[in-house]
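Peer 1: Give me coordinates for this.
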Amino acid sequence: MNSSVIVSVMSLEFARKQRFKLKKIEELIYVRNLNGTFNKKKLIENTIEVNIFYKKHQYHNLKTLE
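Peer 2: This is a model prediction of the structure:
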């Protein structure tokens, strides 16, 4: 199933270097390869919440980490 949802993914290494507060998710999110098979090396285990400020706008975004 293709839900056409776009998710922002950031590397766990980068998030740790930037000292983002990691939040463990209750259920792991499995990642699929382009051919539809599950990627055995990449599971999403954490998220971070970020607020992006640009001019007079603020955007709240939830990022997944792999």
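
Peer 1: Quickly run through the sheet partners of the longest strand seen in the chain, with directions.
Peer 2: Counting by DSSP state E, the longest strand found in the chain is strand 38-54. Sheet pairing here is set by DSSP bridges, and for strand 38-54 it gives strand 23-32 (antiparallel), strand 57-65 (antiparallel).

Peer 1: which stretch in the ones you listed has the least confidence?
Peer 2: Ranked by mean pLDDT, the strands paired with strand 38-54 bottom out at strand 57-65, with a mean of 67.

Peer 1: gap between the residue of the chain positioned farthest from its centre and Asn35?
Peer 2: Most distant residue from the mean C-alpha position of the chain: Lys56, 25.5 Å away (Cα atoms, centre = their mean). From Lys56 over to Asn35 the distance is 44 Å, taken as Cβ to Cβ, to the nearest Å. Backbone N, C-alpha and C define where each C-beta goes, glycine included.

Peer 1: Likewise for Gln58?
Peer 2: Distance of Gln58 to Asn35, computed by Cβ to Cβ: 39 Å.

Peer 1: The two: which is more packed in?
Peer 2: In terms of neighbours (other Cβ atoms under 10 Å), Gln58 is the more surrounded of Gln58 and Asn35; the figures are 9 against 5.

Peer 1: next one: stretch 37-53 to chain centre, how far?
Peer 2: Relative to its parent chain, stretch 37-53 has a centroid offset of 3 Å by Cα atoms, centre = their mean, to the nearest Å.

Peer 1: sec struct for Glu13, please.
Peer 2: Using DSSP: H, G, I helix; E, B strand; the rest coil, the structure places Glu13 in helix.

Peer 1: Quick check: Ile25 touching Ile48?
Peer 2: No. The pair Ile25 / Ile48 is not scored as a contact, 11.0 Å apart, by Cβ atoms under 8 Å.

Peer 1: Give me the more crowded residue out of those two.
Peer 2: Ile48 (17 against 12).

Peer 1: Could you list everything the more buried one pairs with in the sheet?
Peer 2: For Ile48, the beta-bridge partners are Lys63 (DSSP bridges).

Peer 1: Right, I'll leave it there.
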